[in-house]
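>>> please work out how this folds:
(one chain, ligands or ions: 2)
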Amino acid sequence: AYVVTENCIRCTYMDCVSVCPVDCFYAGENMLVIHPDECIDCGVCEPECPAAAIFPDSDPRAGDWAALNAQYAAQWPNITQKGAPPEDADAWKDAADKRALLSA
Ligand code: SF4
Ligand code: F3S
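Ligands and ions are numbered 1, 2, ... in the order given. This is a model prediction of the structure:
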């Protein structure tokens, strides 16, 4: 499966949601995750993310986010339509050490 990683936090552009053919994104307060059992590994979402937050779980940059995607996808609501990202999304893009900012 593909996984959403740290750089989504406080950016949530949701372009990924627009392109996913199986609607397998789940939304927390300031980050989205992918349900690993629903993702069909099409790879369409990866290049669409302006924050480059999405990787295949086999990519070293996915780190331990695969487990976190699985955990939160079971807790957060499904999201199937792109909404408005935060006004300061661009300011948070590529900010360092956003992990502690995750609202879970
Ligand atoms: Fe959806 Fe495809 Fe991305 Fe998986 S890889 S989350 S199926 S767009
Ligand atoms: Fe997050 Fe990128 Fe989607 S910032 S909401 S993974 S487009």
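>>> and the strands in this structure?
Ranges of strands in the chain, per DSSP state E, are 2-4, 25-27, 32-34, 54-56, 78-79.
>>> mind listing what Q75 touches?
For Q75, the contact set (CB atoms under 8 Å, 6 or more residues apart in numbering) comprises Y26, A104. All C-beta atoms are positioned from the backbone trio N, CA, C, and that covers glycine.
>>> can you tell me how far it is from ligand 1?
According to CB to the nearest ligand atom, to the nearest Å, Q75 stands 17 Å off from ligand 1.
>>> ramachandran angles for that residue?
Backbone dihedrals for Q75, given as degrees, to the nearest 10, come out at phi -110, psi -30.
>>> what residues does the chain have near ligand 1?
Taking CB under 6 Å from any ligand atom as the contact definition, the chain meets ligand 1 at 2, 19-20, 22, 24, 34, 39-45.
>>> the same query, at a cut-off of 5 Å, please.
Residues of the chain found near ligand 1 (CB under 5 Å from any ligand atom) are Y2, C20, V22, I34, C39, I40, C42, V44, C45.
>>> wait, doesn't the fifth one sit right on V22?
Yes - under the criterion of CB atoms under 8 Å, C39 lies in contact with V22, with a separation of 7.1 Å.
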